[in-house]
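Asker: any chance you can model this:
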Amino acid sequence: MKFFASCAKGLEYLLADELLALGAAKATAAAAGVNAEGEQADALRAVLWSRLASRVLWPLAEFDCADEHALYAGVAAIDWTRHLTPEMTLAVDAHVSGTAVTHARYAAQRTKDAVVDVLRSASGARPSVDVEAPDLRLNLVLRKGRAILSVDLGGGPLHRRGWRQTQGEAPLKETLAAAVLMRGGWPKAYAEGGALLDPMCGSGTLVIEGALMAADVAPGLLRHGDIAPSRWLGFDGAAWKKLVEEARQREADGRAKLRPGFFGSDSDAKAIRSAEQNAWMAGVSELVHWQASSVDQLATPALAEETNRGLVVCNPPYDARLAADAALYRRLGDALKRAVPHWRASLLCGDAELAHATGLRAQKKYQVFNGALECALIVCDPIAPPVREAAQPRELSEGAQMVANRLRKNLRNTKSWREREGVSCYRIYDADLPEYAAAIDVYAEADDPERRWLHVQEYAAPAEIPEEAARRRFRELLAAAQEAFALPRERIATKTRERGKGGSKYGRFDRRDEWIVVREGGVRLRANLFDYLDTGLFLDHRPLRLRIAEEAEDARFLNLFGYTGAATVHAAAGRARQTTTVDLSATYLQWCADNLRENGFGGGAHRLAQADALAWLEADRGQYDLIFCDPPTFSNSARADDFDMQREHVRLLRAAVARLAPGGALYFSNNFRRFRLDAQAVSQFADCADITAQTIPPDFARNPRIHQAWRITALL
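Answerer: Residues are numbered from 1 along each chain as shown. This next block holds a predicted model:
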C-alpha cells in the first residue's frame, strides 16, 4: 500500500532515508514529504518512530474533483460505516490549491458533511466534531483537480512529542531539531563518547531531543503512550500494541545506558527554567546541565574536557520577531572557536549571510524551512580547523608547468569577457594540451565570488596510452590547477575515468551532499560538484538560458527533460506568467524546486511534473508561448519506455510544436555529436532555424560541437 509522510521543506531526503531504515519497502522524496510503500504496520512504525515526519497519511480514496459538488460526491461514495461509528468524533484538515475549491475551511466542511450524511443515512445517527482530539482525523488534499482523502494515522502533528510544558517566543519544532541533530551526526557522535552542547538553548528543544535520541526513545511514546493515536475502525491495534511493547523495551535499555553529557545555556534565565521543566517531563533532567549565561561566557563543558569530542547544535535568533543580529552570530562563532574548537557544529541560521557572519567554515550547507522561513543549516567539522603552516610551493613537473602556464594564460585572455558579461562559472580549460585531456570548469560562490571551486572531468585516453601514463598526466593536471588557482585540494572535484568491462567509464563519486550556490545572470542556482557526474548546471547552455530569460516576459514556459530547472529559473526571473517543468527524476525535480525557492519563486505558477516527457507531452492539452527541450541522447529508465533521441526526435518535435501558442517558439538542443535533424520531416509541420553558432559561449569556442541548437516555430 502507498502512504505519504509529510515533513518540513528541505527534510525530504532525510525522511526518505529514515523511512527506509524503519522498514518501508520504498520511499521517494516529493515536495514537502515522502511517498512510501509498505504495510500498515510500516506506516504505524513511522508514526511511533519517525523523528522527521510531520504527519503519516494512509489514503482512503482518490478522485477527480472539479468543484464542490464533485468533492461531496467523491467523499459520499466511500462506505463510512467501515471507518467510524456515529458515537465517534471526527475532524477534517484540508489543504487546497487551484480553482476547483479555493477555501480550505469550506473544503473541510463539505467533506465532513458528506461523511455525516452517509452515516446518518445508514444508522439514523451522526458523529460529532472534535477538532482537538477526534477519534478519526481525516486529511484532504485537493490539487490540480484531484482530491486525495486520507486517515491521519498519528491523529495530529507528530512534532508534538509530549514533553513540552513551556516554550519561548519562537520555539523550534522537534522535527526540525531532529534534522539539525542528524545532519550533525548525532547520535553517532554520542556513541563515540561525544557530548552535546547548545549555547543558545531557549526552552531546550535541541538538547532534550538529542538526549532522547541517544537513549533510543521512540518520539511517539510520550505523545501516545499505550493509547492508540487513532480510533479509526481500520486501525491495526494489534500491530500498534506490538510496536509499543518493542519501543518500551528499547526505551528501558537505552535509558539504563544513558550517561551525562548534555549541556544547555542561555542568557535568558526564564528560558532556562522552561528548559528544566521540559527536561523533567522528558525524563532526562538528571543528565542535562543547564546554565543561565551569555554566549560570550561559553566555556568547554566540564564533563567533556577529557574526551575533547562533541557536537554543538544551535538555533540562534533570525526572524523578524527575534531581530536577527549579524554581530550575535559573529560572537557565537568566536565563542565556539575558543571553547570547543575541535568539536563539530550543526547550526540552523536565518540565511546564508547570517551563516557567513559566524566566521565558521562550513563543510556542508543545507537549505531547510522553519515554517515559512527559509533557513541555512551549516555543518562545520571541526569548528576551528588547525592552522596549517604555509605550504612550500611544490615543484611542478615540466608537463604540469605547461598546464599551469596555459591556465594562467586562459585566465588573462578571458578576464575582460568575464567581467563584462558578469560570468562567474565558466570553462577555463578543455584539453588545450591534448596529452592532458580533461575539462576544467570554475564555479564561484554567489555570496563570496572570491571563493572558487574547480570541477575537473577526465576524458578517455586513447587505448594505446598505458593506464599509468594516463594516471600520471591527470595527477600533473590537478597539481597544475591547484597551483594556478591557489586552491586547497578539497575544493577541487574530480571525475576520473576507469577502465573495465564495457570500456572506459567514470568511477565512483563522492557522497558529500555538499552544495554551493552560484550566480548566472540575475539568478542563483544550486550546484553539487562531487556527488553526480554532472553538477546540475550545463555551462555551455548559458547563452540559451539567458535568451530564454529575455523572451519570457508574460510567457507560459515549458521545460521538457527539465533536469535541475536552471532554464525554468531564468524564465521565472524573466517574468514568465507560469512555468512547467517535466522530468522523470524526482531528484532533479526536487533540485528544480530548490532552485526556484533559492530565487523566491514558488506556488501554483510554477508546476513540476514527474513523468516521461514524451508521453506527458502527447497527453497534455496546454498551450505554451516558450518551450525549451534538451533531451538526453538515450534513456532506458525502468519507469518509462526506452527513449532514443535520434529515432524519436521528429515525434518529439511534432508533439512539442502542437503545444505552441500562436507566435510561440520552441528551443531544441542536444549534445549528441552524431545527431542529424530530419529537416525534411520537420519541415512538414514547422519552420526550423539552426542557431548553434549563436549559443556557443566564448569559453566553449574550442569545442563548438558541445551542443546543437535550433529555434523552431509552427508553420503559419
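Asker: mind checking which helix or strand residue 554 is in?
Answerer: In this assignment (DSSP states H and E), residue 554 forms part of neither any helix nor any strand.
Asker: what's the burial count for it?
Answerer: 10 (other Cβ atoms under 10 Å). Yep, even glycine has a C-beta here, placed from its N, CA and C like the rest.
Asker: local confidence estimate at the residue lying closest to it once chain neighbours are set aside?
Answerer: Leaving aside its sequence neighbours, residue 554 sits nearest to residue 577 (Cβ to Cβ, 6 or more residues apart in numbering; 5.1 Å). As predicted, residue 577 sits at a pLDDT of 95.
Asker: just list whatever residues bridge to the nearest residue to residue 662 once chain neighbours are set aside.
Answerer: Nearest non-adjacent residue to residue 662, counting by Cβ to Cβ, 6+ apart: residue 714, 7.9 Å away. Note on residue 714: beta-bridge partners by DSSP bridges are residue 686.
Asker: list the contacts for residue 714?
Answerer: For residue 714, the contacting residues are 657, 660, 662, 664, 685-687, by Cβ atoms under 8 Å, 6 or more residues apart in numbering.
Asker: which one among those residues gets closest to residue 293?
Answerer: residue 664 (64.0 Å; Cβ to Cβ).
Asker: now the two most distant members of the contacts of residue 714.
Answerer: Across the contacts of residue 714, the longest distance by Cβ to Cβ is 14.6 Å; it joins 662 and 685.
Asker: neighbour count winner among the two?
Answerer: Higher neighbour count among residue 662 and residue 685: residue 685, with 15 against 9, using other Cβ under 10 Å.
Asker: closest to residue 199 out of the contacts of residue 714?
Answerer: Checking those against residue 199 by Cβ to Cβ gives residue 664 as the nearest, at 56.6 Å.
Asker: quick check: the closest one vs residue 711, distance?
Answerer: Distance, residue 664 to residue 711, by Cβ to Cβ, to the nearest Å: 11 Å.
Asker: same check, this time on residue 602
Answerer: 30 Å.
Asker: these two: which has the busier surroundings?
Answerer: The neighbour comparison of residue 602 against residue 711 (other Cβ under 10 Å) goes to residue 711, with 17 against 13.
Asker: doesn't that one lie inside a helix?
Answerer: No: using DSSP: H, G, I helix; E, B strand; the rest coil, the secondary structure at residue 711 is strand, not a helix.
Asker: need the pLDDT of it.
Answerer: Predicted confidence (pLDDT) for residue 711: 97.
Asker: and it, what does it touch?
Answerer: Per Cβ under 8 Å, 6+ apart, neighbours of residue 711: 665-667, 688-689, 691.
Asker: run the last query once more with 7 Å
Answerer: 665, 667, 689, 691 (Cβ atoms under 7 Å, 6 or more residues apart in numbering).
Asker: how about residue 88?
Answerer: Contacts of residue 88 (Cβ under 7 Å, 6+ apart): 127, 135-136, 231.
Asker: and residue 215, by the same measure?
Answerer: By Cβ under 7 Å, 6+ apart, the contact set of residue 215 is 251, 254-255, 258.
Asker: name the residue most distant from the centre of the chain?
Answerer: residue 124 (49.5 Å; Cα atoms, centre = their mean).
Asker: of the contacts of residue 711, select the buried ones using a ChimeraX command.
Answerer: Of these, the buried ones go into a single ChimeraX selection, burial set by 16 or more other Cβ atoms under 10 Å:
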select :665,667,691
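Asker: closest one to residue 358 out of the contacts of residue 711, please.
Answerer: Distances from residue 358 to those, taken by Cβ to Cβ, are shortest for residue 667, at 42.5 Å.
Asker: where does the closest one fall, secondary structure wise?
Answerer: Assigned by DSSP H and E, residue 667 belongs to strand 660-670.
Asker: mind listing what's buried along that strand?
Answerer: Quick answer for strand 660-670 (16+ other Cβ under 10 Å): 660, 664-670.
Asker: now stretch 247-260
Answerer: By neighbour count on 16+ other Cβ under 10 Å, the buried set for stretch 247-260 is 247, 250-251, 254-255, 258.
Asker: could you dump those into JSON lines and include pLDDT, secondary structure and distance to residue 459?
Answerer: What follows is those, written out as JSON lines (pLDDT from 0 to 100; DSSP: H, G, I helix; E, B strand; the rest coil; distance: Cβ to Cβ, whole Å):
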{"residue": "247", "pLDDT": "96", "secondary structure": "helix", "distance to residue 459": "54"}
{"residue": "250", "pLDDT": "97", "secondary structure": "helix", "distance to residue 459": "53"}
{"residue": "251", "pLDDT": "96", "secondary structure": "helix", "distance to residue 459": "56"}
{"residue": "254", "pLDDT": "96", "secondary structure": "helix", "distance to residue 459": "53"}
{"residue": "255", "pLDDT": "96", "secondary structure": "helix", "distance to residue 459": "57"}
{"residue": "258", "pLDDT": "94", "secondary structure": "coil", "distance to residue 459": "54"}
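Asker: can you classify residue 156 as helix, strand or coil?
Answerer: coil.
Asker: wait, it sits on residue 136?
Answerer: No: contact criterion Cβ atoms under 7 Å: residue 156 and residue 136 do not qualify, at 11.7 Å.
Asker: compare those two (neighbour count), which wins?
Answerer: In this view residue 156 and residue 136 are compared by other Cβ under 10 Å, and residue 136 has more residues nearby, 25 against 19.
Asker: just give me the neighbour total for the nearest residue to residue 551 once chain neighbours are set aside.
Answerer: Nearest non-adjacent residue to residue 551, counting by Cβ to Cβ, 6+ apart: residue 626, 5.9 Å away. The local packing of residue 626 (other Cβ under 10 Å) involves 24 other residues.
Asker: what of residue 332?
Answerer: There are 26 residues near residue 332, going by other Cβ under 10 Å.
Asker: for the residue nearest to residue 551, list each beta-bridge partner.
Answerer: With DSSP bridges as the rule, residue 626 is bridged to residue 557, residue 665.
Asker: look at the closest residue to residue 153 other than its chain neighbours and give its secondary structure.
Answerer: In this structure, residue 153 finds its nearest non-sequential neighbour in residue 56, 4.7 Å apart by Cβ to Cβ, 6+ apart. Three-state assignment for residue 56 (three-state DSSP): strand.
Asker: which ones are touching residue 56?
Answerer: Contacts of residue 56 (Cβ under 7 Å, 6+ apart): 3, 5, 43, 46-47, 153-154.
Asker: please tell me how far it sits from residue 5.
Answerer: 5 Å.
Asker: and if you look at residue 217?
Answerer: Residue 217 is 20 Å from residue 5, by Cβ to Cβ.
Asker: list the buried ones in the longest helix anywhere in the chain?
Answerer: Across the chain, the longest stretch assigned as helix under DSSP state H is helix 398-421. Of the residues in helix 398-421, 399-400, 402-404, 406-407, 410, 414, 418, 421 count as buried by neighbour count, 16+ other Cβ under 10 Å.
Asker: which of those sit farthest apart?
Answerer: 399 and 421 (32.2 Å).
Asker: isn't residue 172 right next to residue 315, touching?
Answerer: Yes: using Cβ under 7 Å, residue 172 makes contact with residue 315 at a distance of 5.0 Å.
Asker: give me the common contacts of these two.
Answerer: Common neighbours of residue 172 and residue 315 are listed as residue 206 (criterion: Cβ under 7 Å, 6+ apart).
Asker: and those two? Which one has more around it.
Answerer: Using other Cβ under 10 Å as the criterion, residue 172 and residue 315 rank with residue 315 on top: 25 against 19.
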